[in-house]
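Colleague: pasting the structure only:
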């Protein structure tokens, strides 16, 4: 339904906008800038700062006839209000005349700025916001030039107030616009900062433990219109105008948030280019203008530090020793050739499409087997009934239903949590179906619980109420299956015009997620919710490019330890199985030839015969396919090899020299797509490219059907987005970057459709009478390889822990924070960890976070004892 | 712990609000906390937040907004003198200064025995009967109008002896 259009004029320009549009936004659409501080286009207006004051006139309507009155010359008679009005709280009306540049308006703005600056410290020269500060810019543009207030009477307040260890408050600089407080309440749903006191004493406080306890805190520094809020990461580290910007994509989770990496070449780092901060880049179909703190503050693994691998390593006399690329490549070529079919390539979704394409192709050429290192299955279904092109959470509302099943969404894919929540606020029916309570339950219309271990059966229970096929349901799910709430939820899902399912791996391993994905697919198929925009199945994958891996034919192995044990040679890329689960140690018996390709000398790499140093995603080009099946490009921000002279001031001849140097002898880390291509070259295989990611992508587009027709040029296309953000609009949307380098392209769905309907076997799952079962859960901040290098998040990550039920805790006589010895009976391994108690957990259930060094790849029997 | 000490009272308060609007009970619960110690400490804020299902920060924000909730421990009795213009015209400011100097404190401070805090406040709606003040304590509020320094001091003596008697009685329990 199209909204009614309203015509008005703003500074003489005629404008036509939908009814309900605010004057400030209508002006922005025709290029008239009305300055604001407290207004933000992603939040409801509050009209607190008074910066947006304008003159507004409205046609005079004759009360008797209902007709507008006219002047003698025939033009409409316009009545202006006696006072200036706030453009941010006033919706447009027919015939409205807005004047934003009159003397009266100028005087109003001058007064507001004069007031705002009465106690502002004006310490721009040492302020991190200086150079990208709305207050600075608007003061230059609209300020009075000088103040009538006495400088010595300025009120001085604390300048270094940590709201937590991540965000600092400068109380003097705060102009009390409330953007941060409103963001945390309305968008992040973490009201952990608030105003305290009143008037000039007003301040932002946080009483949470730890301080400012939110995964979204960094966004407040983007939308803060002054330098009051800064991140501990960027504070005093660089001036905004010294920074160069490189477009990038976050690789922590499958959302694929668009980023801008800010880099600077600096003397303190020996003249190297250094990654100074990570900022959001607008993509209204992916992350809008937000990113989570993991993306913003957890980038250090992709920066250049002393622990990064610099040279290939080859095992000689039992020790890994530096070697030349030539030597390492020749050795690997020879050994891979001799094992042929005995090769297993194990790679993770941390890699780009190009990397996975070349690795897969090399492995196939050798006759080996490619295995995706992932804790979740079901990608064969998402390639066929996943999100269709044109799908955008922003378009889901009243006519949509969203089912989130088996996922703690904010922990697994924060931005999807944010966007699903907003869809629910717009009226989408949100069904949350989990074994335990999660943050998303707060916004759910139907909050359903299944007993631990029965996720797939719970979805089949939904199917059962709708389908005559009636799959058999296990005993433990019957109570849920009979509940009226489940029936109502199923009905709402089936009747919605559009419906999407997000499935995750909360409490599940590979086998369980495969059954769950199939059950979800069945629900979509029988309700005809697939194959068109805003419908389909979304996997909440553990890694950024898992969907891309599936699209390129990679699949996880249902019995990885056995597969690894049988292999004669292993090529492990961007994966560290030994750290994740010590059970994999058995595969490294010294009998097989092991090649590891990674950024760091991981636990797995320490066991290798050859280690290839890889380039980080910050140092090279590539593309990821997000869970929503959007292929997005990222660009290099840093020099790939610290050892090479930096490529600056660009005399062409110098660059050529570097390239020739590369060709003569490889040096330093190489891109993950290039290394398999070097091997292929030595093996004499045709059709491999190593020169650039774009050339690999061109091959990929030619050979992988779902990528057909795509090119780097297509991925780089942009169109105008709302709200308008960018460098001249800092006061409006914040310091988020405008997207000028690509919005990405969603892949078409692979053929399949209704033929996918098959009924997974769902065995009954009962908790044991003794001992317990540990279920893996995902925490946003974990001890995984990509986060442990973060210089800031350590305190938030914490030490390994498990979560126990109240009964278990009292049986073990331990309280919150006590230590417990947990024995994984299958793995014959026991560790001492901290115990947290969750009163909502059923007895015998233990939650064990992934990537905390616990051997937990699926539900696992455990025994617990008090430690110490 | 407020929840144990005032279990009954808290239940009575919560019963007045629909379950999905529990947060509205924040003011009466804060009254209890303040009455208990004459200030609201961090632990009480966290406890009230937990009872109501809101964050401690939100509770702290409310405590901060209202000037009659105290975040720091002060006197057992708060002598709150209105010093707004009409009262000042009737000598309220001079009254407060003199009272303070007789008690050997400055406005906003607490006497050495920890019992009496004197502080200026905004309008108490008794302009015609200034100098006037209200006494805020665990027992509630009481108005004292048309005061002189002597009458105020007499009242303070009374409060002090009440406090001593009460303390003596408590120690026998």
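Modeller: Great, that's in hand. Nothing here was measured: the structure is a model prediction, and the numbers come from that model. Numbering: from 1, shown residues only, chains lettered A, B, ... in the order given.

Colleague: contact partners of stretch A:8-27?
Modeller: For stretch A:8-27, contacts defined as C-beta atoms under 8 Å, 6 or more residues apart in numbering or on different chains pick out A:2-7, A:29-30, A:32-34, A:36, A:39, A:41, A:45, A:52, A:54, A:56, A:87-101, A:723. For glycine as for every other residue, the C-beta is placed from the backbone atoms N, C-alpha and C.

Colleague: how about stretch A:321-336?
Modeller: By C-beta under 8 Å, 6+ apart, the surrounding residues in contact with stretch A:321-336 are A:311-315, A:343, A:366, A:368, A:569, A:571, A:593, A:595, A:609-610, A:612, A:665-667, A:670, A:678-679, A:682-683.

Colleague: and the pLDDT for residue A:663?
Modeller: At residue A:663, the model reports a pLDDT of 49.

Colleague: before we move on, the earlier item: among the contacts of stretch A:321-336, which are in strands?
Modeller: A:313-315, A:343, A:569, A:571, A:593, A:595, A:610, A:612 (DSSP state E).

Colleague: pull the most distant pair out of the residues you listed.
Modeller: A:313 and A:343 (19.8 Å; C-beta to C-beta).

Colleague: out of the ones in strands among the contacts of stretch A:321-336, which is nearest to residue A:635?
Modeller: Closest approach to residue A:635 among the ones in strands among the contacts of stretch A:321-336 (C-beta to C-beta): residue A:612, at 23.1 Å.

Colleague: among the contacts of stretch A:8-27, which ones are buried?
Modeller: Buried members of these, scored by 16 or more other C-beta atoms under 10 Å in any protein chain shown, are A:6, A:32-34, A:36, A:39, A:41, A:45, A:52, A:54, A:56, A:87-90, A:92, A:95-100, A:723.

Colleague: residue A:791 - how many residues pack around it?
Modeller: As a burial measure, residue A:791 scores 13 neighbours (other C-beta atoms under 10 Å in any protein chain shown).

Colleague: quick check: closest non-adjacent residue to the residue in chain B that chain A sits nearest to.
Modeller: Among the residues of chain B, residue B:64 lies closest to chain A, at 2.9 Å counting by C-beta to the nearest C-beta. Nearest-residue entry for residue B:64: residue A:196, 2.9 Å, with adjacent residues in sequence omitted and distances by C-beta to C-beta, 6 or more residues apart in numbering or on different chains.

Colleague: now the one you found: how far from residue A:15?
Modeller: 41 Å (C-beta to C-beta, to the nearest Å).

Colleague: do residue A:733 as well
Modeller: Separation of residue A:733 from residue A:15 (C-beta to C-beta): 20 Å.

Colleague: look at the two and report which has more neighbours.
Modeller: Taking other C-beta under 10 Å, residue A:733 and residue A:15 do not tie; residue A:733 has more neighbours (23 against 20).

Colleague: ramachandran angles for that one?
Modeller: Phi and psi for residue A:733, reported as degrees, to the nearest 10, are phi -100, psi -10.

Colleague: so residue A:381, which of the three states?
Modeller: When classified by DSSP: H, G, I helix; E, B strand; the rest coil, residue A:381 comes out as helix.

Colleague: wait, it touches residue A:522, no?
Modeller: No - shown here, residue A:381 and residue A:522 do not form a contact pair, counting by C-beta atoms under 8 Å, at 9.8 Å.

Colleague: tell me the contacts of the spatially closest residue to residue A:606 that is not a sequence neighbour?
Modeller: In space, residue A:606 comes closest to residue A:320 once its chain neighbours are excluded; the distance is 7.4 Å by C-beta to C-beta, 6+ apart. Taking C-beta under 8 Å, 6+ apart as the contact definition, residue A:320 lies against A:313-314, A:601, A:606, A:608, A:611.

Colleague: among those, which one lies nearest to chain B?
Modeller: residue A:601 (42.5 Å).

Colleague: so what's the residue count around that closest one?
Modeller: 17.

Colleague: ok, the nearest residue to it once chain neighbours are set aside - contacts?
Modeller: Excluding the flanking residues, the one nearest residue A:601 by C-beta to C-beta, 6+ apart is residue A:309, at 6.1 Å. Residues in contact with residue A:309 (C-beta under 8 Å, 6+ apart) are A:598-601, A:605, A:611, A:613-614, A:669.

Colleague: in chain A, which helix is the longest?
Modeller: Ranked by number of residues, the top helix in chain A under DSSP state H is helix A:510-526.

Colleague: let me know the next secondary structure element after that one.
Modeller: From helix A:510-526 onward toward the C-terminus, using DSSP states H and E, the following helix or strand is strand A:536-539.
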